[in-house]
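Participant: Sequence and computational prediction follow.
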Amino acid sequence: MLKVMFLCTGNSCRSQMAEGLARHYGKGLIEPFSAGLLPAGVHPRAVEVMKEVGIDISKQTSDPIDRELLCEMDIIVTLCGHAEASCPSTPPEIKRLHWPINDPVGTVGSEEKIMKEFRRARDEIRERVIQLIEDIKSGRIP
């Protein structure tokens, strides 16, 4: 089973959704983790939009980057530019991927507009997680 770490700044939304999606779609193939540069707690709207697709991330925790755990990963995925630029260096054998997903947390406006952005982020991350799993299964990503 491949260990995959999803990183973003707050480990509250994008990386949490990625972890939940990877656990759901990559069962038996991926052991997912998530962490953040400045952990801010799991965002309630992220929990809500994930429940809409049948995935419960309410028990996941918002964690800081653990350097030792990071070095045990097979793949590290950054979901924001800040995490990509600030992620500690890792051994060269760890595959690094960057998925620049716009952060829905800063969205202002109506509740409908805000939730639409959370759903957009979830759906974009879901597509990328499914593609990652397909790439792993086909051997395009070792």
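Facilitator: Cool, the structure landed.

Participant: the strands in the chain, which residues?
Facilitator: All strands of the chain, identified by DSSP state E, fall at 2-8, 30-36, 75-78, 95-98.

Participant: packing partners for the third one?
Facilitator: Same thing as strand 75-78. Here strand 75-78 touches strand 2-8, strand 95-98, going by 3 or more Cβ pairs under 8 Å, 6 or more residues apart in numbering; DSSP states H and E. Every C-beta, even on glycine, is put in place using the N, C-alpha and C of the backbone.

Participant: what's the most buried one of the ones you listed?
Facilitator: Greatest average neighbour count among the helices and strands packed on strand 75-78 goes to strand 2-8 (a mean of 25), per mean count of other Cβ atoms under 10 Å.

Participant: what mean pLDDT does that one have?
Facilitator: Averaged over strand 2-8, pLDDT sits at 96.

Participant: for stretch 122-131, same thing?
Facilitator: Taken as a whole, stretch 122-131 has an average pLDDT of 98.

Participant: State which helix of this protein is the longest.
Facilitator: In the chain, with assignment by DSSP state H, the single longest helix is helix 111-138.

Participant: So for Ala121, what's the nearest residue that isn't a sequence neighbour?
Facilitator: Pro104 (4.6 Å; Cβ to Cβ, 6 or more residues apart in numbering).

Participant: Now for this protein, the helix or strand with the poorest mean pLDDT.
Facilitator: In the chain, no helix or strand scores lower on mean pLDDT, DSSP states H and E than helix 81-86, which sits at a mean of 78.

Participant: Go through that one and flag the buried ones.
Facilitator: Neighbour counts over helix 81-86 (16 or more other Cβ atoms under 10 Å) mark His82, Ala83, Glu84 as buried.

Participant: returning to what we had before: which one of the helices and strands packed on strand 75-78 lies nearest to Ser138?
Facilitator: Evaluated over these, closeness to Ser138 peaks at strand 2-8, with 13.5 Å, by Cβ to Cβ.
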